[in-house]
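*Asks:* Give the three-dimensional model of this entry:
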Amino acid sequence: MLTINVAVLLAVIIVLRLRRRTEARSRTDEKLTVLVVLVFGILVAPTAFGQGVLDVVGQLAAGIAESSR
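*Replies:* Next up is the predicted model:
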């Protein structure tokens with residue numbers, strides 16, 4: 001029996017959708033891409049990888065805020 005992690009499947013779908021030319025996308029297509037990315041974010045957020053990304057982005061934002069003072 002083959003099981004596929006839903007987050008990995010969504011990541012592949014996102015990469016394939018974003019490789020298309022921007023001019024070829026309709027408004028509905030863009031909305032669907034945003035929905036897929038949001039669902040991917042919700043699935044990845046509670047994982048160790050998601051927490052690592054959150055930490056890196058937080059440190060980057062803190063560094064930018066500190067440098068602007």
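
*Asks:* now stretch 53-69: mean pLDDT?
*Replies:* Stretch 53-69 comes out with an average pLDDT of 84.

*Asks:* what does that stretch rub up against?
*Replies:* With CB atoms under 8 Å, 6 or more residues apart in numbering as the test, stretch 53-69 has contacts from Val44, Ala45. Glycine gets a C-beta too; all of them are placed from N, C-alpha and C.

*Asks:* And Ala62, how close does it get to Val56?
*Replies:* For Ala62, the distance to Val56 equals 11 Å [CB to CB, to the nearest Å].

*Asks:* again but with Val44, I slipped
*Replies:* According to CB to CB, Val44 and Val56 sit 13 Å apart.

*Asks:* These two: which has the busier surroundings?
*Replies:* Val44 (18 against 10; other CB atoms under 10 Å).

*Asks:* so that one makes contact with Asn5?
*Replies:* No: checked against CB atoms under 8 Å, the pair Val44 and Asn5 is beyond contact range at 10.3 Å.

*Asks:* Enumerate the positions of stretch 27-43 that are buried.
*Replies:* Neighbour-count burial for stretch 27-43, counted by 16 or more other CB atoms under 10 Å, picks out Thr33, Val37, Phe40, Leu43.

*Asks:* Name the pair among the residues you listed with the greatest separation in space.
*Replies:* Thr33 and Leu43 (15.8 Å; CB to CB).

*Asks:* who's in contact with Ala11?
*Replies:* Phe40.

*Asks:* repeat that for 10 Å
*Replies:* Ala11 makes contact with Asn5, Val36, Val37, Phe40, Leu43, Val44, according to CB atoms under 10 Å, 6 or more residues apart in numbering.

*Asks:* secondary structure class for the second one?
*Replies:* I take that to be Val36. Reduced to three states with DSSP: H, G, I helix; E, B strand; the rest coil, the structure at Val36 is helix.

*Asks:* ok, which stretches of the chain are helices?
*Replies:* Using DSSP state H, the helices of the chain run over residues 6-18, 27-44, 48-67.

*Asks:* Centre of the chain to the longest one, how far?
*Replies:* What it means is helix 48-67. Averaging C-alpha positions (CA atoms, centre = their mean, to the nearest Å) puts helix 48-67 15 Å from its chain's average.
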